[in-house]
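Enquirer: coords please:
(one chain, ligands or ions: 2)
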Amino acid sequence: MAFRSRVGTALYRQGSARVLAYTRRPQAELALKSSPLSSSRANQLHRPATACRQLSSTAASRSPFTTSSAATTAAAEDEAVAAWVEADSTVAVRFPDGAVTRYHGIWLRDHCQCPACFHPVTKQRLLDTAAIPLSIKPAVMTVAEDNKALNIVWDTDSHQSTVDLAWLRHHSYAPKLPPLHSSNSATATVAQRPKRLWDASIASKLPIVQYADVMNSDQGLAAWLADIDVYGLGFVDGVPATPKATEQLGRRVAFIRETHYGGFWDFSANLEHGDTAYTQLALPAHTDTTYFTDPIGLQLFHLLEHRGTGGESLYVDGFHVADQLRATHPWAYDILSTVRMSAHSAGDANTLMEPATTFPLLNHDPLTSQLYQIRFNNDDRSTFSHLPPSRVKDFYAALKEWTRILRDPSNELWTQLKPGRAVMVDNWRVLHGRAEFTGHRRLTGCYHNWDDYRSRVKTVLDKKVMS
Ligand SMILES: [Fe+2]
Ligand SMILES: [Zn+2]
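Expert: Ligands and ions are numbered 1, 2, ... in the order given. From the prediction side, this is the model:
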């Protein structure tokens, strides 16, 4: 994109900032180059509101925004960074790759991260958003000489905002721009660690880390978190076969979530609680606590003793099952993504757990449409009577297809837990179960909240900070 030279400038001072002011001319340019070769004055732009309005037709026809699709895909890395106010008072920004996007003035003002608007320590907003005029726009706007920030003086109160251009790129929305190749943003980090769907063959290459590494270093903990993030489960070897060591391992990820089963649990088949987990029965693959509005995020298992037979553990990658269902039976995938079900936990005399609302088996992010949570425990599913008669059979047919793929041996990881090997399971993705067993079996473990787990992924593994 060719740079158009700046015309019609007049120098004035506002506060300590020296800026160049545009005077209105019919052919006045709307974009101002900010180049390392330019003088500091040339990096600065002032566009009075009247000039913006009167130049609107020119702006519309010449603005790079009008050719945004071409602009956003431009590969050139030598475009001048520029910012200007559009006719509709939005702020247009052109990045080094030529991509142009726009921001509403009120959005930019609302996201000001100066110490008066955003607490630098608590990372909380300090400004009164409702008091910002809807029509707010920059009175003065300059691109910093190093092309790393946008400096804005607002028209209503002369407040000054400095907006980091990398941050602005990352949070673009009109249109959303892809990260710059050189971006070191959190999205780039996460993109390098995509989830890996797995099947029964994972048995020969289980993701395993060592207890001592997890307990003694952040790198060891990060390696375990990466396994859980990528595979939905992560094994730990070398764990002392004691409740205390197991609890300490769980607490390396996050504090323990207490439920009606207690906090850290240490149980055998004694029906201490009214749940089949406390029996010797086989448990088909399921996720836990579907009866909570916010199901538990992680579950840690560590078998401390077993004198008897059976009791092998079962794990199935629910995201992989969903992927297969979508490919082979899209109609069933659609039903299980939309038909809402309830669940309950009512086996204890003084407990009746039911979620605040109903949820489908497959839960998707409403913004990205990404599958983020499986909720499936057929044993805990409640009575339902809300479906139109014409959809009842379809629902059961969809559930059959889901279950058929879920129980396909090629999808099942069967492994015998043993003292010394613990496993952390992402309960929003991986289903678990067990074979029936005989004899005395002592299992320990605990639950963790999803948000606490993700916080550890972001801070320990991704070393991310709020921005
Ligand atoms: Fe369970
Ligand atoms: Zn501010």
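Enquirer: Now do the helices in the chain.
Expert: 49-54, 56-62, 68-73, 105-110, 165-170, 186-191, 211-216, 218-231, 243-253, 318-328, 330-338, 389-406, 450-456 (DSSP state H).
Enquirer: nearest to ligand 2, of these?
Expert: Each of the helices of the chain has some distance to ligand 2 by Cβ to the ion; the shortest is helix 105-110, at 7.8 Å. Using the backbone N, CA and C atoms, a C-beta is placed for each residue, glycine as well.
Enquirer: And the helices of the chain: which comes nearest Ile152?
Expert: Proximity to Ile152 (Cβ to Cβ) singles out helix 105-110 among the helices of the chain, at 6.8 Å.
Enquirer: Convert that closest one to CSV, retaining C-alpha atoms only.
Expert: Taking Å, rounded to 0.1, in the frame of the first residue of the first chain, the C-alpha atoms of helix 105-110 are listed here in CSV:
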residue,chain,number,x,y,z
GLY,A,105,-14.0,5.0,20.2
ILE,A,106,-16.0,3.9,23.2
TRP,A,107,-14.4,0.5,23.0
LEU,A,108,-11.0,2.0,22.9
ARG,A,109,-11.8,4.4,25.8
ASP,A,110,-13.4,1.5,27.8
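Enquirer: Flag every buried residue along it.
Expert: By neighbour count, with 16 or more other Cβ atoms under 10 Å as the criterion, the buried positions of helix 105-110 are 105-109.
Enquirer: Ok, stretch 378-386 next?
Expert: Residues of stretch 378-386 classed as buried: 378, 380-381 (neighbour count, 16+ other Cβ under 10 Å).
Enquirer: Show residues contacting that stretch.
Expert: Contact partners of stretch 378-386, identified using Cβ atoms under 8 Å, 6 or more residues apart in numbering, comprise 276, 284, 286, 290-291, 340-345, 354, 358, 399, 403.
Enquirer: From these, list the buried ones, please.
Expert: Buried members of those, scored by 16+ other Cβ under 10 Å, are 284, 286, 290-291, 341-345, 399.
Enquirer: Kindly present the helices of the chain as TSV, with separate columns for mean pLDDT and distance to Asp88.
Expert: Output for those, formatted as TSV (pLDDT from 0 to 100; distance: least, Cβ to Cβ, whole Å):
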stretch	mean pLDDT	distance to Asp88
helix 49-54	28	9
helix 56-62	30	8
helix 68-73	30	14
helix 105-110	98	10
helix 165-170	95	19
helix 186-191	50	29
helix 211-216	98	54
helix 218-231	98	42
helix 243-253	98	48
helix 318-328	98	41
helix 330-338	98	38
helix 389-406	97	46
helix 450-456	98	38
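Enquirer: can you tell me how far whatever residue of the stretch 151-300 of the chain ends up closest to ligand 2 sits from His111?
Expert: Per Cβ to the ion, Ser161 is where the stretch 151-300 of the chain lies closest to ligand 2, at 5.2 Å. Counting by Cβ to Cβ, to the nearest Å, the gap from Ser161 to His111 is 9 Å.
Enquirer: What of Lys464?
Expert: Separation of Lys464 from His111 (Cβ to Cβ) stands at 18 Å.
Enquirer: who's more crowded, these two?
Expert: His111 (18 against 15; other Cβ atoms under 10 Å).
Enquirer: check contacts around Lys148.
Expert: Taking Cβ under 8 Å, 6+ apart, we find Lys148 in contact with 164-166.
Enquirer: ok, now with 10 Å
Expert: 81, 162, 164-167 (Cβ atoms under 10 Å, 6 or more residues apart in numbering).
Enquirer: Pro389 too?
Expert: With contacts defined as Cβ under 10 Å, 6+ apart, Pro389 has no neighbours.
Enquirer: Name the pair among the contacts of stretch 378-386 with the greatest separation in space.
Expert: Within the contacts of stretch 378-386, Thr276 and Arg340 form the most distant pair, 24.1 Å apart (Cβ to Cβ).
Enquirer: Below-threshold pLDDT in the stretch 151-300 of the chain: ranges please.
Expert: 181-192 (pLDDT under 70).
Enquirer: and the helices of the chain as CSV, adding distance to Val85?
Expert: Shown next, in CSV, are the helices of the chain (distance: least, Cβ to Cβ, whole Å):
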stretch, distance to Val85
helix 49-54, 5
helix 56-62, 9
helix 68-73, 17
helix 105-110, 8
helix 165-170, 15
helix 186-191, 28
helix 211-216, 53
helix 218-231, 42
helix 243-253, 48
helix 318-328, 45
helix 330-338, 43
helix 389-406, 52
helix 450-456, 38
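Enquirer: what would those look like in CSV with distance to ligand 2?
Expert: Putting the helices of the chain into CSV (distance: least, Cβ to the ion, whole Å) gives the following:
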stretch, distance to ligand 2
helix 49-54, 20
helix 56-62, 27
helix 68-73, 28
helix 105-110, 8
helix 165-170, 14
helix 186-191, 23
helix 211-216, 42
helix 218-231, 34
helix 243-253, 37
helix 318-328, 42
helix 330-338, 42
helix 389-406, 51
helix 450-456, 27
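Enquirer: if we compare the ones you listed, which one ends up closest to Thr368?
Expert: helix 186-191 (12.1 Å).
Enquirer: who touches both of Ser161 and His111?
Expert: Overlap of the contact sets of Ser161 and His111 (by Cβ under 10 Å, 6+ apart) consists of Cys117.
Enquirer: returning to that earlier point: out of the buried residues of helix 105-110, the closest to Arg391 would be?
Expert: Within those, distances to Arg391 taken as Cβ to Cβ reach their minimum at Trp107, with 41.5 Å.
Enquirer: so how far is Val163 from that closest one?
Expert: Applying Cβ to Cβ to Trp107 and Val163 gives a distance of 11 Å.
Enquirer: can you list the domains in the chain?
Expert: The chain resolves into domains spanning 9-183, 200-461 when parsed by automatic domain parsing.
Enquirer: hang on, the earlier thing: joint contacts of Trp107 and Val163?
Expert: 91, 171.
Enquirer: In strands, which of the contacts of stretch 378-386 appear?
Expert: 284, 286 (DSSP state E).
Enquirer: For the stretch 1-150 of the chain, list the residues in contact with ligand 2, please.
Expert: Residues of the stretch 1-150 of the chain lying close to ligand 2 (Cβ under 5 Å from the ion) are 112, 114, 116-117.
Enquirer: right, and the pair among these with maximum separation?
Expert: Checking these with Cβ to Cβ, the most distant pair is Cys112 and Ala116, at 8.0 Å.
Enquirer: Counting neighbours, go ahead and name the busier of those two.
Expert: Cys112 (21 against 12).
Enquirer: Let me see the contact set for the more buried one.
Expert: By Cβ under 10 Å, 6+ apart, the contact set of Cys112 is 118, 125-127, 132, 152, 154, 159-163.
Enquirer: Good, we can wrap up now.
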